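Visitor: I would like to see how this sequence folds:
(chains A and B)
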Amino acid sequence: DGGITQSPKYLFRKEGQNVTLSCEQNLNHDAMYWYRQDPGQGLRLIYYSQIVNDFQKGDIAEGYSVSREKKESFPLTVTSAQKNPTAFYLCASSLAGGNEQFFGPGTRLTVL
Amino acid sequence: AQKVTQAQTEISVVEKEDVTLDCVYETRDTTYYLFWYKQPPSGELVFLIRRNSFDEQNEISGRYSWNFQKSTSSFNFTITASQVVDSAVYFCALSEDTTDSWGKLQFGAGTQVVVTP
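Guide: Got it, this is the predicted structure:
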């Protein structure tokens, strides 16, 4: 089945620790995205990548880092510099800009 | 400045009633794309529709219909004869066709729809 997978579904982290969220797609999409969702709010863009080995900051990139070494994979690292990391993180992909984005099931990160 | 406004935070209806979700957007671009997504309690966003700025035809898909009006910068969504399975948060989103905005979706805050039996 084609789609986007994110792991883990739930993640708990102690303050001061870095953590990496996985996102894999087998849709052969060039573009991939990371969003953050806080309770009762819409999605905010963290980072996006239009092509392998290239990525750009979104609206709230501070405290996060990404890599795009393979077309299928776009992992997100939440660093200790992110002051309020507890949130729901969604990964998405699309053929190109302007096309519909397809989303993964999300990872719920809680900082203890 | 918020580019996508969904003024309705929550709408509650009884099953079989119609429900209309409002979406007002703001852009200076002549080429842009509008989207609606559904987020059920599981959390995953489900794509519903994409509309480009040059296509103002209304669209119907089963019980769903969309009304795009450029004159009022609105892209409203109606669910006809609502069902309990329609209970979810619905997001409207805008993508502008510029180099800086390439591929970036700007989401509204979402509208929670609650359908009771």
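Visitor: do stretch B:53-66 and chain A meet at all?
Guide: No: counting by C-beta under 8 Å from any C-beta of the partner chain, no contacts exist between stretch B:53-66 and chain A, the nearest distance being 10.4 Å. For the C-beta atoms, the positions are set from N, CA and C on the backbone; glycine is no exception.
Visitor: now the end-to-end length of that stretch.
Guide: 14 Å (C-alpha to C-alpha, to the nearest Å).
Visitor: List the buried residues of it.
Guide: For stretch B:53-66, a neighbour-count test (16 or more other C-beta atoms under 10 Å in any protein chain shown) marks B:53, B:64-66 as buried.
Visitor: In these, find the pair that's most separated.
Guide: The two members of these with the most space between them (C-beta to C-beta) are B:S53 and B:Y64, at 20.4 Å.
Visitor: between the buried residues of stretch B:53-66, which is closest to chain A?
Guide: Comparing these against chain A with C-beta to the nearest C-beta places B:S53 closest, at 10.4 Å.
Visitor: And what about the residue in chain B positioned nearest to chain A, helix, strand or coil?
Guide: Closest contact between chain B and chain A, by C-beta to the nearest C-beta, is at B:G103 (3.2 Å). State at B:G103, reduced to three classes by DSSP: H, G, I helix; E, B strand; the rest coil: coil.
Visitor: That one and A:Q50 touch, don't they?
Guide: Yes: counting by C-beta atoms under 8 Å, A:Q50 is a contact partner of B:G103 at 6.6 Å.
Visitor: Of those two, give the one with the bigger neighbour count.
Guide: Remark: of B:G103 and A:Q50, B:G103 carries more neighbours, 24 against 17, as counted by other C-beta atoms under 10 Å in any protein chain shown.
Visitor: Can you name the residues that contact the most centrally placed residue in chain A?
Guide: By C-alpha atoms, centre = their mean, the mean C-alpha position of chain A lies nearest to A:W34, the distance being 3.1 Å. Taking C-beta atoms under 8 Å, 6 or more residues apart in numbering or on different chains, we find A:W34 in contact with A:21, A:23, A:45-48, A:58, A:64, A:66, A:74, A:76, A:89-92.
Visitor: Identify the neighbouring strands of the helix or strand hosting A:R44 in the sheet and state each direction.
Guide: Using DSSP states H and E, the element containing A:R44 is strand A:43-51. Strand A:43-51 has the following sheet partners, assigned by DSSP bridges: strand A:31-37 (antiparallel), strand A:54-57 (antiparallel).
Visitor: Return the mean pLDDT over it, rounded to an integer.
Guide: Average pLDDT, strand A:43-51: 94.
Visitor: can I get the CA coordinates of that strand in PDB?
Guide: Output of strand A:43-51 as PDB, limited to C-alpha atoms (Å, rounded to 0.1, in the frame of the first residue of the first chain):
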ATOM      1  CA  LEU A  43      -1.100  23.300  11.700                       C
ATOM      2  CA  ARG A  44       2.100  25.300  11.500                       C
ATOM      3  CA  LEU A  45       5.000  24.500   9.100                       C
ATOM      4  CA  ILE A  46       8.300  23.600  10.600                       C
ATOM      5  CA  TYR A  47      10.500  22.600   7.600                       C
ATOM      6  CA  TYR A  48       9.900  21.500   4.100                       C
ATOM      7  CA  SER A  49      11.900  19.900   1.300                       C
ATOM      8  CA  GLN A  50      11.300  20.300  -2.400                       C
ATOM      9  CA  ILE A  51      14.000  17.800  -3.400                       C
END
